[in-house]
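1. 3D, please:
(chains A, B and C, ligands or ions: 2)
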Amino acid sequence: MSEHAEHAEHEVNYVKIWAILLVLLVISILGPFVGIKVVTLITAFGIAIVKAYLVAKNFMHLNIEPRYAVYLLVTMLVFMLLLFSGSAPDIMKQEGRNWVKPEIHVEAQAPAHH
Amino acid sequence: MAESIPADAMHAHDDHHHTEQSIWSKYVFSTDHKMIAMQYMFTGMAMALIGGFMAYAFRMQLAFPGIDVPGYGTVTASDYNALVTNHGTIMIFWVAMPVLIAAFGNYLIPLMVGCDDMVFPRLNRLSYQIFLLSAIVLIASFFVPGGGFGGAWTAYPPLSAKSQYSLTALGSSFWLVAVALEFTAFLLGGINFVTTAMNARAPGMKIFDIPIVVWMIVVASILFMSSVGPLIAGAVMLFMDQNVGTAFFDPDKGGDPILWQHLFWFFGHPEVYVVLLPAMGITAEIMCVFARKKMFAYKTFLYTTFATGILSFTVWAHHQFVAGIDPRMANIFTVTTLLISIPIAEMCFIYIATLYGGSIRLTTPMLWALAFVAEFLIGGVTGIFLGASGADIYFHDTYFVLAHFHYTFFPIAIIGTFAGFTYWFPKMFGKMMNDTLGKIHFWGTIIPFNFIFIPLFVLGAAGQHRRIYNYEHFPELAGVEMQDMRVLATVSMLVMLVFQLVFFYNCFISWKKKQKDAGKNPWKANTLEWTTDSPPPHGNWPELPTVYRGPYEYSVPGREEDYFPQNVPD
Amino acid sequence: MRPIATTRMAAGIPTGRLAIWWVVASEIVIFGGLLVSYIMHRLAKPEWGDHAANTNVWIGGFNTFVLLTSSLSAVLAHKAAVNGDGPKAAKLLYATCFGACTFVVVKALEWNMEISHGFTISSNTFWSFYYTAAGLHGLHVIAGAIIMLIIAETAKKNLELHRVELIGIYWHFVDIVWIFLFPLLYIAK
Ligand code: HEM
Ligand SMILES: [Cu+2]
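-> Ligands and ions are numbered 1, 2, ... in the order given. All right, here's what the predicted structure looks like:
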């Protein structure tokens, strides 16, 4: 039970957080209408990060959970960053590998298949 | 809330001991961790027989091309592909993982940390049921029109994605679904193992009082859970490529086959450590007990494991050196790959230091444990050649690679399993195994094992490629000398398979009460599982134990007995 | 029925919640793998911006609103459960479920519209990712809603109230995934 008392102490106003989230949502939708790419990207992804942070902290109660829960989740994100940095050089540079199927090749294969 | 009440005293489930259980609820739908462990163990062993039978069929074909393999028939080219693919898949996902992680994990974690069951018994049962289903789906894939999937256990697209290449439209999808189900089962299992070890420890068991094997299984489960995600996503994409007409991996339509390789190996390499670590842990337990010595550098061993775990996420592209990846990245991956051999070597040194000066008893489990380290070392050392991107360009996809990874996987999946099984058999079944038979089986497995795979190293270095069903079609690989080595490998395999009968015979007679009762603690070991009856009752202990010290207090000076169980107060 | 093991708490987090964190962790890498794959393609292929221009920001935005609001009711349900008010928690969980249903229905209509405009899953790799990512997320929404109904059923009787929090954590995670999917699929053009 002690643990619940703790929750109550750190009570945040959930409705207020929700309202902030909605305001952020509106901004992120309106961002692209400015028409500047940088603004779009910042409003879109910056705001996504802020929103995720607010939800994780206040709704998932990571603020009062033992720290290692946060470290666990962050480690997973770091692994994803690793996956990205190891694969991006290959996946993002495809010019050399995006071959076009030569017509002759297809014809040569066809009779062999009966 | 229920969680915060220290309920050890409450004996919330006394009724366990009194209810009559039907055969169904006792053996099939049991939620008891020991029964689920046995289910995993025997399913895994049955799958090992299937995987071994496949190896038998295709090795016969390689040694004596075109013959009518007794018990199988002629191995056609597409049969060969399907057999090799499913042999690899089965051995890794349906033998190594269920036996080493799920069976030993289920059996040992609650017993070694001193609690009555896993924290989520019903989730545990569900995990086994999904696993069983996955095995059934995999076996069924052989009987669908077109036959089993033959695109290798790595399932590279486009071969795996397009049925006009693989010619097994259904087989490929069955294979993929089976693998995905298996992952689900192990995610559920992993959550259970990690949570149990973190939360359900006996009072007094501090973090460095946890036996190494529990640590290893937990770290392995964590590695699995954190690496398998991208491959699950990849499996979804591949499934859609196969069946819905997407083109995630089809370069023709803007997809990228290399992406699959990254997703696969991002999981695939940590997976090696997922199966390695439990075997390492089993070895450590056995060595301490039969050397009657405290584990050398317990904490260093742990930190080394963590380092290995983290490093294992940074090496995956060493499997793709010849796939046309960015050469600068290949350099980085070479460096990380060579780096990771350091912690593993360190762990081997810790074993040797643990043995040093001990009073060693060469029982059957100890022989297996020693053989594990010796044979694994050969696998590890040959990996250095393959990790160097330059050398790998020659070695890639030859039998050198094949022999290398069998020198790692065989010690892990077979030697490690036998080590653990013979060590804990008295606890699991309450009987001692026959030591002489055990040793015959040991030598009858280890010697042929080396005679199978050393010739394959030589063949690989001579340029023999993997996944080829008949070398007669390659004049430069079909010479008499090379063929003789193939025959040697196959005959050794036959010898090894025959010696497995000794093992089953030994299990059978030991279990049939021909052997003496094990008693609670036949090996005079310290860890908690040896403080309860053999086999342990439902709920494990009448009164759950309390822990007073670390698990490896052997030969403590000034003590009459040379062991000091964890639950004995000072 | 519940073993003593479940009631222990050596790691300082109740067992159920600890397990949920591991669930969330392994889900992060599942969605992570998919999104990383998408982002790599997306960064390399500016022309995907043109495909993305065909998605409907307003529908996506509305669904974001629905999920954010359902997260609010989930966390309020948790609060009610903490105060021991099972029936209220159940009601709020039903409200969350209603949000989930709305989300799925809107999603279905949206897909229907897109497919009728000729943007199908096999049109090109952008659309493949679009349907796969949203589909995987949608499956999580549906699964969450079903589990929530089960939990609400027991919570109504003031039983197993700690489970309200567990489904809540999962639900917020599903919400966060969408928070990232929204800009990735709808806004970045
Ligand atoms: C009974 C002892 C075994 C024998 C004789 C054996 C033999 C072989 C051979 C000859 C191949 C390659 C065939 C080819 O490339 O054409 C192969 C492939 C493979 N084996 Fe084994 N093996 C044995 C046990 C194991 C074990 C215990 C494991 C792992 C736990 C394992 C994992 C694999 C894997 C992953 C492949 C690659 C499959 C592929 O190419 O897709 N094997 N095995
Ligand atoms: Cu590797």
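2. Tell me where the model's unsure across chain C.
-> C:1 (pLDDT under 70).
3. Assign a three-state SS to B:N526, would you?
-> Following DSSP: H, G, I helix; E, B strand; the rest coil, the label given to B:N526 is coil.
4. does it really touch B:S555, like I thought?
-> No: applying C-beta atoms under 8 Å as the test, B:N526 and B:S555 come out as separate, 11.1 Å apart. For glycine as for every other residue, the C-beta is placed from the backbone atoms N, C-alpha and C.
5. Tell me who's in contact with the spatially most central residue of chain C.
-> Taking C-alpha atoms, centre = their mean as the criterion, C:V174 is the residue nearest the geometric centre of chain C, at 2.4 Å. Contacts for C:V174 (C-beta atoms under 8 Å, 6 or more residues apart in numbering or on different chains) come out as C:67, C:137, C:140-141, C:144.
6. Ok, C:W127 next?
-> Counting by C-beta under 8 Å, 6+ apart, C:W127 has contacts C:51, C:119-121.
7. Which is the succeeding secondary structure element to the helix or strand encompassing it?
-> Following DSSP states H and E, one finds C:W127 within helix C:125-156. Scanning forward in sequence from helix C:125-156 by DSSP H and E, the next helix or strand is helix C:162-182.
8. starting at the chain centroid, how far to that following helix?
-> Mean-position distance between helix C:162-182 and its chain equals 5 Å (C-alpha atoms, centre = their mean, to the nearest Å).
9. Domain map for chain A?
-> Annotated domains of chain A cover A:1-58, A:64-89 [automatic domain parsing].
10. tally of neighbours for the residue of chain C found nearest ligand 1?
-> Relative to ligand 1, the nearest point of chain C is C:G33 (22.0 Å; C-beta to the nearest ligand atom). By other C-beta atoms under 10 Å in any protein chain shown, the residues close to C:G33 number 28.
11. what does chain B put close to chain A?
-> For chain B, the residues in contact with chain A (C-beta under 8 Å from any C-beta of the partner chain) are B:1, B:4, B:226-227, B:230, B:251-252, B:256, B:258-259, B:262, B:266, B:313-314, B:316-317, B:324-326, B:328-329, B:333.
12. didn't C:D175 look like it was pressed against A:L54?
-> No: here C:D175 does not reach A:L54: they are 10.8 Å apart, not a contact under C-beta under 8 Å.
13. Buried deepest among the domains of chain A, which one?
-> domain A:64-89 (a mean of 17; mean count of other C-beta atoms under 10 Å in any protein chain shown).
14. hmm, that domain touching chain B?
-> Yes: judged by C-beta under 8 Å from any C-beta, domain A:64-89 and chain B are in contact via A:75-76, A:79, A:82-83, A:86-87, A:89.
15. I'd like those residues as CSV, with pLDDT and secondary structure appended.
-> Below are those laid out as CSV (pLDDT from 0 to 100; DSSP: H, G, I helix; E, B strand; the rest coil):
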residue, pLDDT, secondary structure
A:T75, 96, helix
A:M76, 97, helix
A:F79, 97, helix
A:L82, 97, helix
A:L83, 97, helix
A:G86, 94, helix
A:S87, 94, helix
A:P89, 89, helix
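16. and of the residues you listed, the nearest to B:F405?
-> When the residues of domain A:64-89 next to chain B are compared for distance to B:F405 (C-beta to C-beta), A:G86 wins out at 21.2 Å.
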